[in-house]
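Peer 1: Return atomic coordinates for the entry below.
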Amino acid sequence: MKNLSKIFYFFLLNISIVSAQKNIDPTSEDIQLAKKIREQYSKDDVAIVESNEYITFGLNKNDSKVTVNNSIKELLMNVNHRADIQKYEFYDSESKIETFNLKYRNEKNTNFYIVDEFYKDKDLFYNDARVKHMEVDFPVQGYTYNFELEKKYEDVKYFTSIYFNDEFPVIKKQVSITVPEWLTLELKEFNFEGNTIEKTQTKDSKNNITYTFTVKNVPSFFKDENAPGKSYLYPHILLIAKSFKAKGKETSLFNSAADLYKWYKSLVDLMKDNISVMKEKVKELTENAKTDEEKIKNIYYWVQDNIRYIAFEDGIAGFKPDESNHVFENRYGDCKGMANLIKQMLKLAGFDARLTWIGTKHIAYDYTTPSLSVDNHMICTLFLKGKKYFLDGTEKYNSFGEYAERIQNKEVMIEDGDKFIIDKIPKKPSETNKEIYKANLSLENEKIIGKCSNSFLGESRAQFLYIYNSFETDKRQTRLENYLSKNDKNIQVNNLKNSDLKNRDIELNFNYDIVLNNKVSRFDNDIYIDLEYLNNFKNFELKDRKTDYEFDFKKNYESNITLSIPSGYKVTKLPDDLIVKENNYDVVITFEQNGNEIIYKKLFNFKNGVIKMGDIIKWNEFVKNLNTLYNQQITLTKQ
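Peer 2: You can find the predicted model right below:
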């Protein structure tokens, strides 16, 4: 009887599920549409068939802030056989999600579990960022859901941009922005060129203006690694609220860079730094220093080495720097907190140091656009003997006076009391990041042996130190030898000696002995030698890219390998040279005989740290030629 009861229970349950979810299977038209979309977007499993976004504005209870209501409705379709996605939305203390809902095509709610939690990284919570998300599965091709989002921003300054592209391709998208008569709002368009975006404008009886943008067949965000920031790539609108009127009073918001700075300064003025907690540390770091520069370096490097960086999301994850004493005592902070700590410690030591706002290379805008989108980073500017030095505590192992590629040539806003200074961080040539490899080699039976040296400057040095310090302390020597041998079992590194790995102000040097196996073969009177064992950029083809490839920094690599010719042998074949000169990169690879030596040189110089999209076909052709060259051998013949 118990078994019969269970069977009857499951029978009723299945009837209930089927009844609740009837009329949700895809129609034949849905399936045909899904197949058509899949043909157009073959690498996407889900598409947004239609998206309607509405933006309206209001005033808070005190008429002191402009609020934003952002409403989105989407029709999601599975265009593959089945698909699993995550639907999510971020919010924080300045915004709230009022509706986050997914429905079947029959308008009944789905039962996907919605998680609402702090956004965290490595178990450290971000300041106030939260995320709502749910796992969504599409069982068959053509299956659809209706997604609804209602989100409110408590202050218009945090609602900065609208992008037409999405995580999934969009077949049709319409964005409507209704601007009330009392709000002065600039809609600044970016990357509209080359995109078909219809724009209309209507005005109602209350002089409210509605701007409607319509676009079709929008691809999903590109999934390229090392791509430029999305503000360079995709059509989007920046919303800049300049002022509003309420109860006969006009309130200025962001009319200019001066307004932006005024707001930034108001946040800085809220800080209550207790510098007493760091006085002893500053004294310890400076009392034995012989020069001002040594004092500055001791403080700057101490922050780099001892304060753990915790990243915050771009945009609205907090603009107020943390108090320096909190960062000092906790031993962690974000870029704003670290910049403030450097400032306060330098001021204690008697220097003129100031907070500085900056948008990294990731961001396309400058300070002619007064928006919170302009900045995503904070550093400290030191004024010393008529010069400015920019100190970024988040850049581990950067030397004083050196600047990471991500902030070079970018505008900065430096605090200056009630005023501010706009300046630009210097742009450095690729030579400042020089990496040089040298080897003097000879044959010993079936092996190649010799002595090698590596040297690193600038960002190549900082990158090496970052990698080295990521190794477990008790395994660093072994890991370092493996790194220098490219983890190749045919390369042995011995008798390694290096410069001071704690000194980021000097050229980083390594000297060691090397043994190369399986690079020499003998047949009758001939010796065949494979002298390529570093394989720089081998197989480095850029396939299926839609964007430029950006390196972490401007790479400038040079290698000089000298091989002694054994007595009684002559060179009968050398590999071909390969020389490429382009606007953004030069490659020079040559082989020559000089007396009783073969000299093999390579130079890779990425002058601007980028391979442009227009050069990728040429680059891939070069890589094919490079792979061919690397497979060529040197032939020595017995005289």
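Peer 1: What residues does residue 443 make contact with?
Peer 2: Taking C-beta atoms under 8 Å, 6 or more residues apart in numbering as the criterion, residue 443 is in contact with 449, 520, 527, 529, 563-564, 566. Bear in mind the C-beta positions are built from the backbone N, C-alpha and C, glycine included.
Peer 1: Produce a ChimeraX select command limited to the buried residues of these.
Peer 2: In ChimeraX syntax, the buried subset of the contacts of residue 443 is picked out as below (16 or more other C-beta atoms under 10 Å):
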select :449,520,527,529,563
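Peer 1: so what's residue 214 bridging to?
Peer 2: Beta bridges link residue 214 to residue 174, residue 198 when assigned by DSSP bridges.
Peer 1: start at 477 instead
Peer 2: In the new count, where the first residue is 477, that last one comes out as residue 690.
Peer 1: Give me the pLDDT for it.
Peer 2: pLDDT for residue 690: 98.
Peer 1: check contacts around it.
Peer 2: Going by C-beta under 8 Å, 6+ apart, residue 690 touches 648-651, 673-676.
Peer 1: any idea how far residue 534 is from it?
Peer 2: From residue 690 over to residue 534 the distance is 25 Å, taken as C-beta to C-beta, to the nearest Å.
Peer 1: out of the contacts of residue 690, who's nearest residue 701?
Peer 2: Nearest to residue 701 among those, counting by C-beta to C-beta, is residue 649 at 26.2 Å.
Peer 1: how about the nearest residue to the closest one, chain neighbours excluded?
Peer 2: Excluding its sequence neighbours, the residue lying closest to residue 649 (C-beta to C-beta, 6 or more residues apart in numbering) is residue 527, at 4.4 Å.
Peer 1: Thought residue 650 was touching the one you found, still the case?
Peer 2: Yes - counting by C-beta atoms under 8 Å, residue 650 is a contact partner of residue 527 at 7.2 Å.
Peer 1: okay, the two: which has more neighbours?
Peer 2: Using other C-beta atoms under 10 Å, the more surrounded residue of residue 527 and residue 650 is residue 527, with 22 against 16.
Peer 1: Any idea what the more buried one is bridged to?
Peer 2: Per DSSP bridges, the residues bridged to residue 527 are residue 550, residue 649.
Peer 1: Check what pLDDT residue 1011 gets.
Peer 2: 95.
Peer 1: Save the contacts of residue 919 as a markdown table, and put in distance to residue 828 too.
Peer 2: Converted to a markdown table, the contacts of residue 919 look like this (distance: C-beta to C-beta, whole Å):
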| residue | distance to residue 828 |
| --- | --- |
| 925 | 56 |
| 996 | 62 |
| 1003 | 66 |
| 1005 | 60 |
| 1039 | 55 |
| 1040 | 57 |
| 1042 | 64 |
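Peer 1: Can you tell me which of the contacts of residue 919 end up in strands?
Peer 2: Those of the contacts of residue 919 mapping onto strands are 925, 996, 1003, 1005, 1039-1040, per DSSP state E.
Peer 1: So which of these is the closest to residue 879?
Peer 2: residue 1039 (38.9 Å).
Peer 1: Run through the residues that contact that closest one.
Peer 2: Residue 1039 makes contacts with 917-919, 924, 1005, 1007, 1073-1074, 1076, 1110, as judged by C-beta under 8 Å, 6+ apart.
Peer 1: any idea which of those residues is closest to residue 639?
Peer 2: Using C-beta to C-beta, these come closest to residue 639 at residue 1076, 48.8 Å.
Peer 1: distance of the nearest residue to residue 736 once chain neighbours are set aside from residue 686?
Peer 2: If the residues on either side of it in the chain are set aside, residue 736 comes closest to residue 846, at 4.6 Å by C-beta to C-beta, 6+ apart. Using C-beta to C-beta, residue 846 is found at 24 Å from residue 686.
Peer 1: what do you get for residue 1088?
Peer 2: Remark: distance between residue 1088 and residue 686 (C-beta to C-beta) = 39 Å.
Peer 1: for residue 712, same thing?
Peer 2: Residue 712 sits 19 Å away from residue 686, going by C-beta to C-beta.
Peer 1: of the two, who's got more company?
Peer 2: Using other C-beta under 10 Å, the more surrounded residue of residue 712 and residue 686 is residue 712, with 20 against 16.
Peer 1: Double-check residue 867 against residue 859; I have them as touching.
Peer 2: No - Residue 867 is beyond contact range of residue 859, at 11.5 Å (criterion: C-beta under 8 Å).
Peer 1: Quick check: neighbours shared by the two?
Peer 2: Common contacts of residue 867 and residue 859 (C-beta under 8 Å, 6+ apart): residue 829.
Peer 1: which of those two has more neighbours?
Peer 2: The neighbour comparison of residue 867 against residue 859 (other C-beta under 10 Å) goes to residue 867, with 25 against 15.
Peer 1: Quick check: nearest residue in space to the more buried one, chain neighbours excluded?
Peer 2: Residue 867 sits nearest to residue 856 (C-beta to C-beta, 6+ apart), 4.5 Å away.
Peer 1: now residue 1045
Peer 2: Nearest residue to residue 1045, sequence neighbours excluded (C-beta to C-beta, 6+ apart): residue 1112, at 4.3 Å.
Peer 1: could you check the distance from that neighbour over to residue 605?
Peer 2: To residue 605, residue 1112 is 64 Å away according to C-beta to C-beta.
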